[in-house]
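Q: The following comprises the amino acid sequence and a computationally predicted model.
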Amino acid sequence: QVQLVESGGGWVQVGGSLRLSCAASGSIFSINGMGWYRQAPGKQRELVAAITNGGSTNYADSVKGRFTISRDNAKNTVYLQMNSLKPEDTAVYYCNANVQYRRNSAYYVRWGQGTQVTVSS
């Protein structure tokens, strides 16, 4: 099995910064895409940022210029640096990874348990 463990969430004032980390562990042959999603109360889960194993990135319009996604392939870890945080960034943040367990097997999407980010004015 594969586990994704997030860390780095918490409370921050408007304009502050947080860095989220998500480490994948377990039976992993390879990981291609990794990403961060968020879900605010009463809203659907939405994509925040995604990154391929080659380093190509994609961001939601609402976070462009403020958030940066990166990854360390050797550590199977993805990061989300969040700057200039706003109250509307408050949500539970989830990481996911597209994981291959064995050579030539299919890829499966796995999710972390989520970490709360609260931005207070």
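A: Yep, it's here.

Q: need the contact list for the spatially most central residue of the chain.
A: Closest residue to the average C-alpha location of the chain: residue 36 at 2.7 Å, with Cα atoms, centre = their mean. Residue 36 makes contact with 20, 22, 47-50, 69, 78, 80, 93-96, according to Cβ atoms under 8 Å, 6 or more residues apart in numbering. For glycine as for every other residue, the C-beta is placed from the backbone atoms N, C-alpha and C.

Q: Could I get the pLDDT score of the residue of the chain most remote from its centre?
A: Centroid-distance maximum for the chain: residue 104 at 25.7 Å, with Cα atoms, centre = their mean. Looking at residue 104, its pLDDT reads 90.

Q: residue boundaries of the helices in this structure?
A: Read by DSSP state H, the chain holds no helices at all.

Q: follow-up on the earlier one: just put the contacts of residue 36 in a markdown table and tack on pLDDT and neighbour count.
A: Shown next, in a markdown table, are the contacts of residue 36 (pLDDT from 0 to 100; neighbours: other Cβ atoms under 10 Å):
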| residue | pLDDT | neighbour count |
| --- | --- | --- |
| 20 | 98 | 24 |
| 22 | 98 | 26 |
| 47 | 98 | 14 |
| 48 | 98 | 24 |
| 49 | 98 | 23 |
| 50 | 98 | 19 |
| 69 | 98 | 23 |
| 78 | 98 | 29 |
| 80 | 98 | 25 |
| 93 | 98 | 23 |
| 94 | 98 | 21 |
| 95 | 98 | 28 |
| 96 | 97 | 20 |
